[in-house]
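Q: output the structure for:
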Amino acid sequence: MAKQEKRPGESIDSMLRKFKRKVKNEGTLQELRSREHFEKPSETKKRRAKAARRRTEIQQQADELY
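A: This next block holds a predicted model:
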């Protein structure tokens, strides 16, 4: 669980930005959303394969530019 303590003289806005960054880096929100509904193992494999294809396509496009 992400925890951010307020330092003396630190504004609430900067503290909130740090907290949001910690939550994002830990993957807490992403994990919460993935656990919100049950996903069958076959759906998980399909989702991961689709993400891998997307990554390789982007990488190939980047390679073509350079």
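
Q: not counting sequence-adjacent ones, nearest residue to Met1?
A: Thr28 (7.3 Å; CB to CB, 6 or more residues apart in numbering). C-beta: built from backbone N, CA, C; applies to glycine.

Q: need the pLDDT of that neighbour.
A: We have a pLDDT of 89 for Thr28.

Q: state the distance from Ser11 to Ala2.
A: From Ser11 over to Ala2 the distance is 19 Å, taken as CB to CB, to the nearest Å.

Q: do Lys50 as well
A: For Lys50, the distance to Ala2 (CB to CB) stands at 29 Å.

Q: what's the answer for Arg55, then?
A: Going from Arg55 to Ala2 by CB to CB gives 27 Å.

Q: neighbour-wise, which of those two wins?
A: Neighbours were counted for Arg55 and for Ala2 using other CB atoms under 10 Å; Ala2 has more, 14 against 10.

Q: contacts only, for the more buried one.
A: Phe19, Lys22, Val23, Glu26, Thr28 (CB atoms under 8 Å, 6 or more residues apart in numbering).
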